[in-house]
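1. Following is a predicted model, sequence given first.
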Amino acid sequence: MLANKHSFRFIQNETIEKTQTSVEHKQGTFSSAKNNTNQASAVTDDNKRVFLKALGIAGAGLVASQILPKKSEALVMGSTPSSSVVGVKNSSNTRINPATEDTLSSLIAGQGVTKLTISLSASGTVRTPASGKKIRVYASRFSLTADAASVSFRFTSGGTDHEKYVSPKAGGLYGANNHPNYIEGGIDEVLYCVISGTTTVQINIDYLEV
């Protein structure tokens, strides 16, 4: 607005144009400065967010590196891994090795497993333990010279069958592998085979007297 003390005042056109240009220039300068300030503030906030995210990721990675094992093969079921060996632990928190047929001897207190082969043409005793001992059977296998109605194994002649095979055929190989477990009789109890049929049965057992 132009100062005016009178109801009418004659003003040259050049003066009005200069005044409007000056006002527009000031307004443009103020708007530009405000935009620059907003942009600078936005850039600063973005930088802060990026920095905080990077810091959080780095912290999480550091924690994970301390908690997780160095190698996946170092895992041990039941406890924190202390070596690069895969294993399992028992209820006493003691690491044990998975049992295999090759390591059976070491699993039974260093005692060797005895292998026995015997042929029977009728029901009879497969093995009699030493006095005061029990028989532990780890594996049993048999074959026949002719078809039979049944073949079974038990401890003592009047005991209960712990293995029974119905209608085994000549030329077939039958049996059970109980590693690392076993079938165990009582003290002084013989291992007995019951044969139903006319045939000869060749029997192979892996056992231990305890």
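-> Yes, it's here.

2. so after the helix or strand encompassing V194, what's the next helix or strand?
-> Assigned by DSSP states H and E, V194 belongs to strand 191-196. Heading C-terminal from strand 191-196, the first helix or strand you meet, by DSSP H and E, is strand 201-209.

3. Show me the helices in this protein, by range?
-> Along the chain, counting by DSSP state H, helices occupy 13-67, 104-107.

4. Can you list the low-confidence ranges for this structure?
-> 1-45, 61-91, 94-111 (pLDDT under 70).

5. do that again at 90, thanks
-> 1-113, 171, 177-181 (pLDDT under 90).

6. for the strand holding V194, which positions count as buried?
-> L191, Y192, C193, V194, I195 (16 or more other Cβ atoms under 10 Å). In this view, the C-beta of every residue, glycine as well, is placed from N, C-alpha and C.

7. can you put those in TSV and add distance to K48?
-> Shown next, in TSV, are the buried residues of strand 191-196 (distance: Cβ to Cβ, whole Å):
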residue	distance to K48
L191	81
Y192	85
C193	85
V194	86
I195	88
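
8. for the residues you listed, which one is nearest A148?
-> Nearest to A148 among the buried residues of strand 191-196, counting by Cβ to Cβ, is I195 at 6.4 Å.

9. doesn't I203 make contact with that closest one?
-> No - at 9.9 Å, I195 does not count as touching I203 under the criterion of Cβ atoms under 8 Å.

10. Common neighbours of those two, please.
-> By Cβ atoms under 8 Å, 6 or more residues apart in numbering, I195 and I203 have these common neighbours: L120.

11. Quick one: residues contacting K133.
-> Counting by Cβ under 8 Å, 6+ apart, K133 has contacts I187, D188, E209, V210.

12. now do 7 Å
-> Going by Cβ atoms under 7 Å, 6 or more residues apart in numbering, K133 touches I187, E209, V210.

13. Closest to V151 out of the residues you listed?
-> E209 (23.4 Å).

14. Confirm for me that that closest one is in contact with I135.
-> Yes - using Cβ atoms under 7 Å, E209 is in contact with I135, at 6.0 Å.
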